[in-house]
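Peer 1: give me coordinates for this.
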Amino acid sequence: MNQRPTPSAFHYELIAEAIRLIEEAAPEQPSLDVIAARMGFSPAHFQRLFSEWVGVSPKRYLQYLTLDHAKRLLAERFTVLDATMETGLSSPGRLHDLFIRWEAMSPGEYAAGGEGLEIAYGWFDGPFGETLAMGAGRGLCGMAFAAETGRAAALADMRGRWPKARYREDPEAIRPWVEAAFGGGGEARLQLIGAPFQLKVWEALMTIPSGHVTTYSEIAKVIGRPKAARAVGTAVGRNPVSWLIPCHRALRKGGGLGGYHWGLGVKRAMLAYEAARAEA
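Peer 2: Numbers count the residues shown, from 1 in each chain. Below you'll find the predicted structure:
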């Protein structure tokens, strides 16, 4: 039996549809009345739903969905990582002003493909649609978004990262960490499973403040590998805990969005969501 979507998941479906409408109707930028009508809502009701989700009006929010938004973020909210790395993860870079406690598996544990590890997983409604979360004994080790890929592909992708682990569907075991990840209070604990180079990249990502962005080349510089921007991009793309390790905040130097493992529509929505909330 299908469960009734929570408000956050329902709102994301509206946001995703609005993104599609904007892209289809560009460059004329359809008005609030046009978008509301095409989605079957009155303008007032649609504006209320939008404002509940992101905290600003639809007109202002839609400005964040344009292709130029990434370039504006780089110009206005670019973060140089040297200073934030010095102060650690308790700096303003922590997600939603939460303290994120994380620890990594040893290189040997990573190389073993998750052998001996038991991972609980579950599906959750979140602000960016249906979310797959996975947790080991010490914290979340995986978070994926199925809005564009679908459930089966997202689950197969995540399980393929640690093929020798044992998996059990047990959403209640990890629910407190997931709620904290989406700003529901509490502590978001992470158990990172990756190679040493990947761990350095992911740590750098966690220092980027919400509503800000940086570049692959900046990350490469701060981890001491200034010529490894391409390798950094690969490590960013292999981030297993999307959103909480904010790989969506990494952009190309010229202002392009770059890739995003769970779909560029999801990345654009995340950036717009954070920028609008920072403004609000």
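Peer 1: who touches the residue positioned nearest the centre of the chain in this structure?
Peer 2: Central residue of the chain (CA atoms, centre = their mean): residue 243, 2.5 Å from the mean position. Residue 243 makes contacts with 95, 128, 143, 145, 181, 270, as judged by CB atoms under 8 Å, 6 or more residues apart in numbering. Every residue, glycine included, has its C-beta placed from N, CA and C.
Peer 1: what residue spans form the domains of the chain?
Peer 2: 7-63, 78-260 (automatic domain parsing).
Peer 1: ok, how many other residues are close to the nearest residue to residue 147 once chain neighbours are set aside?
Peer 2: Leaving out its chain neighbours, the residue that sits closest to residue 147 by CB to CB, 6 or more residues apart in numbering is residue 129, at 3.5 Å. By the criterion of other CB atoms under 10 Å, residue 129 has 24 neighbours.
Peer 1: which residues touch residue 129?
Peer 2: Contacts of residue 129 by CB under 8 Å, 6+ apart are 9, 12-13, 16, 145-147, 266.
Peer 1: quick check: phi and psi at it.
Peer 2: When quoted as degrees, to the nearest 10, the phi and psi of residue 129 stand at phi 90, psi -170.
Peer 1: in the stretch 151-280 of the chain, where is pLDDT below threshold?
Peer 2: 280 (pLDDT under 70).
Peer 1: ranges for the helices of it?
Peer 2: Along the stretch 151-280 of the chain, counting by DSSP state H, counting those that start in this stretch, helices occupy 151-161, 171-181, 196-205, 216-222, 229-237, 264-279.
Peer 1: so what's the gap between stretch 198-209 and the chain middle?
Peer 2: 13 Å (CA atoms, centre = their mean, to the nearest Å).
Peer 1: next one: stretch 211-224
Peer 2: That offset, for stretch 211-224, works out to 17 Å (CA atoms, centre = their mean).
Peer 1: buried residues in it?
Peer 2: 211-223 (16 or more other CB atoms under 10 Å).
Peer 1: against residue 156, how distant is the residue nearest to the centre of the chain?
Peer 2: Here residue 243 is placed at a distance of 20 Å from residue 156 (CB to CB, to the nearest Å).
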